[in-house]
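**Student:** starting from these lines, generate the structure:
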Amino acid sequence: MPHQFDFLVIGSGIAGLSYATKLAMHFERLNESVRIGVITKVQAEETNTKYAQGGIAAVWSADDSFEKHIEDTMVAGDFLSDRHIVEIVVNEGPARIRELIDYGTRFDKEHSGTDYDLAREGGHSDFRILHFKDITGAEIERALLEKAASLPSIEIFTHFYAVELITKHHLGETVHRYDNDNHCYGAYVLNTQTGHVERFLAKTTLLATGGIGNIYQNTTNPNIATGDGIAMAYRAKGVCKDMEFIQFHPTALYEPGKKPNFLISEAVRGFGGILRTRSGETFMEQYDARLSLAPRDIVARAIDSEMKKAGDSFVYLDVTHCDYDKFVEHFPTITAYCRDHLGLDLRKDYIPVVPAQHYLCGGVRVNEWGQTNIQYLYAVGECSCTGLHGANRLASNSLLEAVVFGHRAYEKTIELVGTATVPANIPAWNDAGTTHPEELVLVTEIRKELESIMSNYVGIVRSNRRLKRALDRLELLYIEHEELYRQSKVSVHICELRNMIEVAYLVIKMAVARRENRGLHYNIDNVKP
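**Tutor:** Numbering: from 1, shown residues only. Down below sits the predicted model:
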């Protein structure tokens, strides 16, 4: 028998949990009984949110202004951001953060114990980053999970993996990408404990599945970030946008062979960290007047350029001149990790850093309420493209976007829930004729090749020749994997690889179509002499 819900949430990070929590509290106030299902493919706390170090940006002091935050966001996004969306997120942000605080989220305060300790990061013109040490995301995740656990209408299913969205296609109807009458009725979900694919049916489905980091060799994203929600939406004829804008964090810790890469937060440069070559020379003055506080795309390209010129595998981040006690207070996790894993004493040693894939600015296209082009399917957080980030995300705007759009999706869900129905004739998953693959080494090797293609040809700096070669090689991987997928009973590894290939295709195709260099997309063949 299928699982029947009023609302289904795929993903348990800040976007999914804030949405689910608001729905549960709404119906609790009305004394109405509802079922809200939250599924996550591993344990509930293992999300992209958990790994967000720096903080969440919002206008919080009298010295700051909405206008300055809006302008900073537009500048960082290379003016491809949708100003209307930027204004929504910036103006509504403080209220959403106050709700997180009400749920129990702690943010660092100044020594007086009254005012919040606001940090500043690259691209920001003022101090507006609320943070909790250097584990802000983990603190927000903790508070939201505790709040969700207190609400009986929320059921969290761990180790359940969404395989496919259920739409009119599964009722035998032909659907097209730009139809306006396609409907989502939930998802086919793999119970990883039993190996069976089950039907999770719901009036409304929310995608909150995070990013695509693992299509690259170096990423700060956790292993779960394989583009699942974007690929499922695309296969269901959802529209995707801005996939070419891949943000590489300039300063991931250099540890060869380790994945994910440990993140050295943007806030470390905001605190005073200085970038240096391996020979100890500063170099950011050659690239931007803002030096080490320039936006991430500029800093990442500068580091990439310096590494290529010198043939080096990394550069240094120098914090030896900073007040060590205050640094430890602000960044205890970073300090401990550098000490315990690399033996670094940050009072005298530089931190070796390298750019790593960090954030996707594009995703499933949504409107100002988080609605996709598929009826009753919402997308929030990194898997969505709201228009906020444009060509490049401003630091610490991602958690803000997730909580603002989680709220807006909740508001639209409440408005439309009375119009949603789920047909009774949705078929069970059909895997007749499939078998368990004998050689999963094929999946492993295809995945390695995919990561190599994306890292070498579709990275920080691109060219027409590299993009064509990436597309040609990806097509061969797609053909090889689709044959394996059709013959095999589904597994997490096979489905993740399928999703990774599809989102990699979207990245390449949109990078090819982008004929100008904007923000994070930099093609040497677009540079005019």
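
**Student:** where does pLDDT dip in the stretch 351-500 of the chain?
**Tutor:** For the stretch 351-500 of the chain, the stretches flagged by pLDDT under 70 are 438.

**Student:** am I right that residue 459 sits in a helix?
**Tutor:** No: counting by DSSP: H, G, I helix; E, B strand; the rest coil, residue 459 is not part of a helix but coil.

**Student:** that one: what's it in contact with?
**Tutor:** The neighbours of residue 459, taking CB atoms under 8 Å, 6 or more residues apart in numbering as the test, are 216, 248, 304. Bear in mind the C-beta positions are built from the backbone N, C-alpha and C, glycine included.

**Student:** now, which of these sits nearest residue 57?
**Tutor:** Nearest to residue 57 among those is residue 248, at 19.7 Å by CB to CB.

**Student:** centre of the chain versus the strand or helix carrying residue 410, how much separation?
**Tutor:** Using DSSP states H and E, residue 410 maps to helix 398-416. Its chain's C-alpha centre and that of helix 398-416 lie 16 Å apart, by CA atoms, centre = their mean, to the nearest Å.

**Student:** check the gap between residue 28 and residue 420 for me.
**Tutor:** In this view, residue 28 and residue 420 are 20 Å apart by CB to CB, to the nearest Å.

**Student:** which one of the two is surrounded by more residues?
**Tutor:** More crowded of residue 28 and residue 420, by other CB atoms under 10 Å: residue 420, with 17 against 14.

**Student:** look up phi and psi at the more buried one.
**Tutor:** As for residue 420, its main-chain torsions (degrees, to the nearest 10) stand at phi -90, psi 140.

**Student:** residue 203 is in contact with that one, correct?
**Tutor:** Yes: the pair residue 420 and residue 203 qualifies as a contact (CB atoms under 8 Å) at a distance of 3.6 Å.

**Student:** who touches both of the two?
**Tutor:** Common neighbours of residue 420 and residue 203 (CB under 8 Å, 6+ apart) are residue 376.

**Student:** which stretches of the chain have low pLDDT?
**Tutor:** For the chain (pLDDT under 70), the answer is 438, 529.

**Student:** counting residues per strand, which one in it is longest?
**Tutor:** In the chain, with assignment by DSSP state E, the single longest strand is strand 196-207.

**Student:** tell me which residues of that one come out buried.
**Tutor:** By neighbour count on 16 or more other CB atoms under 10 Å, the buried set for strand 196-207 is 197, 198, 199, 200, 201, 202, 203, 204, 205, 206, 207.

**Student:** was I right about the first one contacting residue 188?
**Tutor:** By that I understand residue 197. Yes: assessed by CB under 8 Å, residue 197 is found in contact with residue 188 at 5.3 Å.

**Student:** residue 139 belongs to a helix, doesn't it?
**Tutor:** Yes: the assignment for residue 139 is a helix, going by three-state DSSP.

**Student:** for it, which non-adjacent residue is closest in space?
**Tutor:** Distances taken as CB to CB, 6 or more residues apart in numbering put residue 132 closest to residue 139, at 4.0 Å, once the chain neighbours are dropped.

**Student:** could you look up the SS state of the one you found?
**Tutor:** coil.

**Student:** coming back round to it: shared neighbours, residue 197 and residue 188?
**Tutor:** 163, 429.
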